[in-house]
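Enquirer: Sequence and predicted structure, then a few things I'm wondering about:
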Amino acid sequence: MIDGSGRRLVASLTLSTALVALDADAVVLCKKRSGALSIREACKRKETQVDPATTGAVGPRGTAAPAVRVVDANAVPVGDVTDIFGKVAFDVGGAVVVVGTTPSGFRQRARYAHTMPGCAGPRYVVELEPFGLTHEAQVEGAVAYHATAPLQDVGVSSEESDTSASDCTIFGGTILPNGFCCEDAAYTGMGSPPATLDLSRFVPPFHAEAAP
């Protein structure tokens, strides 16, 4: 025998199942005189059609949230936010370059690959997602460094980054004359010599607001 709480649970589960099916099949929800709910293409003569929203199980449809835009200290739009990390996108000659932002300005992040040991020779920017639609930039000060198409295979022997000196030595790296950390590496990635994007026209601090 099912007690009162059990009947309520069964009714709740039945209603939930009914509403899922109702949404999927675009039929109607019908209520009998006993209060039982059924899903039908059309309610019977002694049944009443019920609006699912009145059951409390289906809430009103929300409206789409506005786009969020990053704006600098002079009210100059930096760009629309593309993800939860505050990255904004720039159109650079038809390519989309993504740059991280924070309240204090552009997110400083730099890592470059070298084909020679000891971070000798030219720098390369290796893409973390080489088959994606965008190029993620490395940022030093007010300059973004990014890969450009077509990407090429890069046999990486060492990596140069803005890792702190203490962390660099802990993991066996060496400090270069420019203050960056050089660490051994051995992998093949896809990238290119870095192209640059000037970000100096934007003045920190940054803030976010709803885009018009």
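Expert: In hand now; what should we look at?

Enquirer: what bridges to the nearest residue to residue 164 once chain neighbours are set aside?
Expert: Nearest non-adjacent residue to residue 164, counting by C-beta to C-beta, 6 or more residues apart in numbering: residue 181, 7.7 Å away. Placement of C-beta: from N, CA and C, glycine included. Residue 181 has the following beta-bridge partners by DSSP bridges: residue 161, residue 175.

Enquirer: One more: the one 10 residues further on?
Expert: In this structure, residue 191 has the following beta-bridge partners (DSSP bridges): residue 126, residue 152.

Enquirer: Please name the residues that touch the residue nearest to residue 164.
Expert: Residue 181 makes contact with 160-165, 167-168, 173-175, according to C-beta atoms under 8 Å, 6 or more residues apart in numbering.

Enquirer: So how do I select the buried members of those residues in ChimeraX?
Expert: Command for ChimeraX that selects the buried part of the contacts of residue 181, burial taken from 16 or more other C-beta atoms under 10 Å:
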select :160,161,162,163,168,173
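
Enquirer: Among the contacts of residue 181, which one lies nearest to residue 129?
Expert: Proximity of those to residue 129 (C-beta to C-beta) peaks at residue 161, which lies at 18.5 Å.

Enquirer: returning to what we had before: for the residue nearest to residue 164, give its distance to residue 195.
Expert: Distance of residue 181 to residue 195, computed by C-beta to C-beta, to the nearest Å: 23 Å.
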